[in-house]
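Colleague: Sequence plus the predicted model coming up.
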Amino acid sequence: MKFRLPVFLTLLVFAGGTAMVHHAFKRTVTNQPAEVQSTDGPLKISLCKLRSDPKAYNHKLIEVTGFVSHGFEDFTLFDPNCESWPEVWLEYGGTAKSGTMYCCGVTAERTRPQSLVVEGISVELVQDDRFKQFDKLIWSGRDSIVHATIAGRFFSGEQVNNEVNSFGGYGHMGCCSLLAIEQIVSVDPHESTELDYGAWPDQPNLRDNCGYEILNEVSNRSVLIKAQERADLGKEEWTFSDPQRVASEGLARLLKLRDPSTIALTQTGQRQGRFIYWWRPRDASAHYMVVVSRPYMLSFYAKDSKRVAWVLIGAYKMSCGNG
């Protein structure tokens, strides 16, 4: 399960290629201590602290709270308040397997014949009701965001390209450090009928000889938090109720257009907490796809957890070789 190939975020994707590329029952994010050592349990540490010096926590039993992103080629732990790269990959200890598909040689099997062993260290797993709830939530859609507190054994991996605090070797194409899960300490339920629990925006479904460019910063979730803050301050009150305006104004900013009203969007898709729009300007070969969402993550940062703003999570410029 260990790979050391470099992985990069590709901004131009062509059809036929591989597609690219998180309280204990309350809706606020607290300022947890950066590091708390317990004499009879795991080291409680913030994810940002862990990410700032992975090697210092290599092989240690830790407990962290964060958002889990799960889907194809993705089973990672993140905190939007710190940089998203390099990431922390997750895997179950014991004889359970997450079943996450990623490159290379990984299968979708959900069990292993013996307990997980990483770098000569055996990692067990408490398969209690909290674990079962967690596992059910990460598989609740094609991709999913879950907020949880996790205890497990941390493996920093090896330093990448001599870069300070950049470690990898585990997960998809060796992208990440590894947290081998021993116990789910707490997990938040998915109870809302209005929030988007998906992990990643929809992507264009392209035919041959067509490609697309990603216009927004997909992994920069701090941008979404800032948008929620502006809405809570009353600076963009309309973002609570007008997803199409969020889409048109967001696309106008990305394209540096002064007048968002010139963008005539057509709704092409919808599911819980998410809308998809398309726009093809007159006399233009390129066309655009915009995805807006009420992300579950923002309920932890909103002034009122039941009042989450619509935000732009995906924007694409598409074109074909024949125009």
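Modeller: All right, it came through fine.

Colleague: What are the phi and psi values at residue 179?
Modeller: phi -110, psi 110 (degrees, to the nearest 10).

Colleague: can you check residue 54 too?
Modeller: Main-chain torsions, residue 54, degrees, to the nearest 10: phi -60, psi -40.

Colleague: Near it, how many other residues are there?
Modeller: 21 (other Cβ atoms under 10 Å). Heads up, the C-betas are built off the backbone N, CA and C, glycines and all.

Colleague: Could you do residue 121 as well?
Modeller: Per other Cβ under 10 Å, the neighbour tally for residue 121 reads 12.

Colleague: ditto for the one 4 residues further on
Modeller: By the criterion of other Cβ under 10 Å, residue 125 has 20 neighbours.

Colleague: Surely it is within a helix?
Modeller: No - assigned with DSSP: H, G, I helix; E, B strand; the rest coil, residue 125 falls outside any helix and is coil.

Colleague: okay, it: pLDDT?
Modeller: As predicted, residue 125 sits at a pLDDT of 98.

Colleague: Show me how this structure divides into domains.
Modeller: If you go by automatic domain parsing, the domain ranges for the chain are 19-187, 210-320.

Colleague: Check which helices and strands the longest helix belonging to the chain sits against.
Modeller: The residue-count maximum for a helix in the chain (DSSP state H) belongs to helix 243-255. The helices and strands touching helix 243-255, judged by 3 or more Cβ pairs under 8 Å, 6 or more residues apart in numbering; DSSP states H and E, are strand 274-279, strand 287-293, strand 311-320.

Colleague: Any buried residues in that helix, and which?
Modeller: Buried positions in helix 243-255, judged by neighbour count with 16 or more other Cβ atoms under 10 Å: 243-252.

Colleague: Then stretch 103-123?
Modeller: 106, 116, 118, 123.

Colleague: Can you tell me which of these end up in strands?
Modeller: Members of the buried residues of stretch 103-123 lying in strands (criterion: DSSP state E): 116, 118, 123.

Colleague: Quick check: the gap between the closest residue to the last one other than its chain neighbours and residue 288.
Modeller: If I follow you right, that is residue 123. With sequence-adjacent residues excluded and distances taken as Cβ to Cβ, 6 or more residues apart in numbering, residue 123 is closest to residue 93, at 3.5 Å. For residue 93, the distance to residue 288 equals 44 Å [Cβ to Cβ, to the nearest Å].

Colleague: same check, this time on residue 110
Modeller: 39 Å.

Colleague: do residue 178 as well
Modeller: For residue 178 relative to residue 288 (Cβ to Cβ), the value is 38 Å.

Colleague: chain center to stretch 280-291, what's the gap?
Modeller: For stretch 280-291, the separation from the chain centroid amounts to 27 Å (computed by Cα atoms, centre = their mean, to the nearest Å).

Colleague: quick one: contacts of it?
Modeller: Residues outside stretch 280-291 that contact it (Cβ atoms under 8 Å, 6 or more residues apart in numbering): 201-202, 204, 212, 247-248, 250-251, 265, 268, 274-279, 312-320, 323.

Colleague: Of these, keep whichever come out buried.
Modeller: For the contacts of stretch 280-291, a burial check counting by 16+ other Cβ under 10 Å picks out 201-202, 204, 212, 247-248, 250-251, 265, 274-279, 312-319.
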